[in-house]
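A.B. asks: Sharing a model prediction with you, sequence too.
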Amino acid sequence: MQCTYDIGSQRVSVRYLSEELYARLHPSLEHLAAAADASPALTIVAQVSQSPPLQLTNQEWTAACQRWARSDVPPDAPSANFTPGDGGRLDLIAPARRVALSSFRSVDLIPAWDMATPFRDLLHQWFRNHDAHLIHGAVVADGNSAIALAGTYRAGKSSTAFACLHYSNLECLGDDVFLARKIGSEWHAFSLYNACKLLPHDVDRFTRNLRPLDDSVRGDGKPTFYLYPAFADRLPRQRRLAAILLPRITGKPETSFSPAKPGETWRALVPSTLALTPASPEGIEWLTTLARHMPSWWLNIGTDREAIATRIAELILLAGQSVSAAHSGCCSQ
């Protein structure tokens, strides 16, 4: 079964070699389904194999995996990454050929996080060559501009994104992982996955008729649900990124904002992102530039959930207008 997705303004084709793989991995990407009306920028072959899918010597595998984490090799050189364990996965990408392989050891042992964020490592590796980087964070938008919510575990990113969906007309481009890409002089946020995690105490409050993801295999204690198709009309693929918010729970009734320093933004954004993606000097520099140049505020989260969405909508509007004004000024010079 072959599916085409619109990811990062590119056509990405995935060839699922079993119906079971399709059933487990496609739902998180379903909102990005697109017509196969052009040659894909990247083709990913997804398969299940109880034995090595490619016959390479140990030295060849070692060299390929080393390239994945190194930055001193040509960007179009083939590279591989192996995730060990019963739910292990082998990723291999040949950028010059625009093809990649994702081979799972057993379809029944794919961990919940891999079903929620399929092909994450391959997509990151591919888009690093297109002035982009996967980011650990949530994104909400107002139809024109978006803000990213960056922070560590339990910072309140997911619950804030859900509050925006349920108490306003704001959009969501993801609650845990998104793609940031520099296009010309502007930063843009791109949706990757519609699977969203919640802490157990927020499940009854926010999930309604959302489809649950089966997290019985290697779940992380945060129940996961699919936003598609329940919120199909509020899951855009791309929005201009206008600001970064650093959420923190205050316990006070009101939600407020306070300026954040670039160093604070860096600490909220970069370490947790690098925990999800291979680190490289170029990647760290890219993320540092984003943290330094993107306007950022502390989001002091109050206990009034409905007010959170209203306050964020106000900030998105103001940040978007500021970015538009700055861009117009640059273009007129």
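C.D. replies: Alright, I've got the coordinates.
A.B. asks: Any stretches of the stretch 1-150 of the chain with poor pLDDT?
C.D. replies: 50-58, 60-62, 64-67, 69-73 (pLDDT under 70).
A.B. asks: Which parts of it are strands?
C.D. replies: Taking DSSP state E, counting those that start in this stretch to define them, one finds strands in the stretch 1-150 of the chain at 2-7, 10-16, 42-48, 79-83, 89-94, 99-104, 132-136, 138-141, 145-149.
A.B. asks: Given the second one, what are its sheet partners and their directions?
C.D. replies: Strand pairing for strand 10-16, using DSSP bridges, gives strand 2-7 (antiparallel), strand 42-48 (parallel).
A.B. asks: Can you say which helix or strand has Phe225 in it?
C.D. replies: Assigned by DSSP states H and E, Phe225 belongs to strand 224-226.
A.B. asks: Does anything pack onto that strand? Which helices or strands?
C.D. replies: Other helices and strands packing on strand 224-226, by 3 or more C-beta pairs under 8 Å, 6 or more residues apart in numbering; DSSP states H and E, are strand 195-197, strand 211-212. Heads up, the C-betas are built off the backbone N, CA and C, glycines and all.
A.B. asks: got CSV for the ones you listed, with mean neighbour count, mean pLDDT and distance to Arg181 too?
C.D. replies: Conversion of the helices and strands packed on strand 224-226 to CSV gives the following (neighbours: other C-beta atoms under 10 Å; pLDDT from 0 to 100; distance: least, C-beta to C-beta, whole Å):
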stretch, mean neighbour count, mean pLDDT, distance to Arg181
strand 195-197, 26, 89, 21
strand 211-212, 13, 89, 29
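A.B. asks: could the ones you listed be laid out in a markdown table, adding distance to Leu179?
C.D. replies: Output for the helices and strands packed on strand 224-226, formatted as a markdown table (distance: least, C-beta to C-beta, whole Å):
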| stretch | distance to Leu179 |
| --- | --- |
| strand 195-197 | 15 |
| strand 211-212 | 23 |
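A.B. asks: Looking at those, which is nearest to Arg267?
C.D. replies: Nearest of the helices and strands packed on strand 224-226 to Arg267, taken as C-beta to C-beta: strand 195-197 at 22.0 Å.
A.B. asks: which residues are contacting stretch 243-261?
C.D. replies: Outside stretch 243-261, the residues that touch it by C-beta atoms under 8 Å, 6 or more residues apart in numbering are 137, 147-151, 155-157, 160, 264-265, 268-269, 291, 294-304, 307-308, 311-312, 315-316, 319.
A.B. asks: that older thread, tell me the helix or strand right after the strand holding Phe225.
C.D. replies: Following strand 224-226 in sequence order, the next helix or strand is strand 238-249 (DSSP H and E).
A.B. asks: what residues go with each domain of this protein?
C.D. replies: Per automatic domain parsing, the structural domains of the chain span 2-131, 133-332.
A.B. asks: is it true that Val177 touches Phe190?
C.D. replies: No - using C-beta atoms under 8 Å, Val177 makes no contact with Phe190, being 10.7 Å away.
A.B. asks: The two: which has the busier surroundings?
C.D. replies: Phe190 (27 against 23; other C-beta atoms under 10 Å).
A.B. asks: what about the stretch 201-333 of the chain, any weak spots by pLDDT?
C.D. replies: In the stretch 201-333 of the chain, residues with pLDDT under 70: 216-221, 323-333.
A.B. asks: In it, mark out all the helices, start to finish.
C.D. replies: Counting by DSSP state H, counting those that start in this stretch, the stretch 201-333 of the chain has helices at residues 203-206, 262-274, 281-293, 305-332.
A.B. asks: Buried deepest among these, which one?
C.D. replies: Per-stretch averages of neighbours, counted by mean count of other C-beta atoms under 10 Å, single out helix 262-274 among those, with a mean of 18.
A.B. asks: Show me the contact partners of that helix.
C.D. replies: Against helix 262-274 from outside (C-beta under 8 Å, 6+ apart): 133-137, 150-153, 155, 244, 246, 260, 283-284, 287-288, 290-292, 294, 296, 298.
A.B. asks: got TSV for the helices of the stretch 201-333 of the chain, with distance to Pro118 too?
C.D. replies: Output for those, formatted as TSV (distance: least, C-beta to C-beta, whole Å):
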stretch	distance to Pro118
helix 203-206	23
helix 262-274	18
helix 281-293	21
helix 305-332	29
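A.B. asks: Perfect, I'm done here.
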